[in-house]
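Asks: A structural model of the following input is requested.
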Amino acid sequence: MADKEQETRVTVGTSSERLVEFLEKNNLHKKDFAEMIGVTLSYVYSLIDLNVPFSTRTTTIERIAVVMGISPHDFPEYRVAIEPKLIDPGIEFLKDKQKEAGLSNLEFIRKFQRTRRVEIVDLWREVLNVPTNEIYPYWRSRIQQYLIAGGFDIISNAALLNAMFEGARSYIKV
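Replies: Prediction:
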């Protein structure tokens with residue numbers, strides 16, 4: 001019975017332990033981390049407490065993943081959001097600059113004022129390093145749904161719609 005309790009605790013604690021290890025390795029204070037992911041300090045303590053299950057809130061896990069520089073899929077508690085991620089040229093520009101500077105997500109986030117850090121985390125959460133060619137089909141489908149819901153006749157305007165999508169594909173180089 002003791003082995004089963006220990007096994008359950010390790011399973012529950014895996015994400016928590018990874019978070020604790022990350023905070024210690026990067027000498028990141030829990031208060032700073034809380035500000036970056038937009039939660040209270042007491043919530044961070046509950047995230048790392050092995051007696052409490054790790055968060056299953058999608059936004060929180062995505063923010064944690066961004067700060068840690070990993071995929072949210074690395075957390076067994078993560079459930080994929082239904083909405084597709086958007087492609088934004090401003091965000092792509094920032095990602096390129098971060099890459100050129102050789103900065104990790106955490107180093108990049110620390111370059112911003114403390115009060116703006118959660119905004120930067122959310123910008124990065126929006127893209128989650130998903131390749132553009134994987135985002136495009138979802139974006140196209142979502143745009144078509146939006147146009148149809150707004151009364152746009154996609155059959156009568158097929159040439160216009162195709163030209164728009166080809167322009168978008170050319171712009172994002174897919």
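Asks: domain ranges for the chain, per the record?
Replies: As given by automatic domain parsing, the domain ranges for the chain are 1-81+102-130, 132-172.
Asks: residue ranges for the helices of this protein, please.
Replies: Using DSSP state H, the helices of the chain run over 2-25, 30-37, 41-48, 58-68, 89-101, 105-110, 117-127, 132-149, 158-172.
Asks: ok, back up a step: for Lys95, find the nearest of the domains of the chain.
Replies: domain 1-81+102-130 (7.0 Å; CB to CB). Glycine gets a C-beta too; all of them are placed from N, C-alpha and C.
Asks: tell me who's in contact with the residue lying closest to Val66 once chain neighbours are set aside.
Replies: Leaving aside its sequence neighbours, Val66 sits nearest to Trp124 (CB to CB, 6 or more residues apart in numbering; 4.3 Å). Neighbouring residues of Trp124 by CB atoms under 8 Å, 6 or more residues apart in numbering: 66, 91, 105, 109.
Asks: can you pull the pLDDT of the most centrally placed residue in the chain?
Replies: With distances taken as CA atoms, centre = their mean, Arg125 lies nearest the centre of the chain, 2.8 Å away. Model confidence at Arg125, given as pLDDT, is 73.
Asks: what sits against it?
Replies: By CB under 8 Å, 6+ apart, the contact list for Arg125 reads 59, 62-63, 65-66.
Asks: picking up where we left off before, looking at the domains of the chain, which is buried most?
Replies: domain 1-81+102-130 (a mean of 16; mean count of other CB atoms under 10 Å).
Asks: quick one, phi psi at Ser55?
Replies: Reported as degrees, to the nearest 10, the phi and psi values for Ser55 are phi -60, psi 140.
Asks: from memory it sits against Glu62, does it?
Replies: No: using CB atoms under 8 Å, Ser55 is not in contact with Glu62, being 10.6 Å away.
Asks: quick one: Leu123 from Ser16, how far?
Replies: Distance, Leu123 to Ser16, using CB to CB, to the nearest Å: 26 Å.
Asks: thinking again about what came up before, turn the helices of the chain into CSV, including distance to Tyr78.
Replies: Converted to CSV, those look like this (distance: least, CB to CB, whole Å):
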stretch, distance to Tyr78
helix 2-25, 9
helix 30-37, 14
helix 41-48, 14
helix 58-68, 5
helix 89-101, 21
helix 105-110, 17
helix 117-127, 12
helix 132-149, 17
helix 158-172, 26
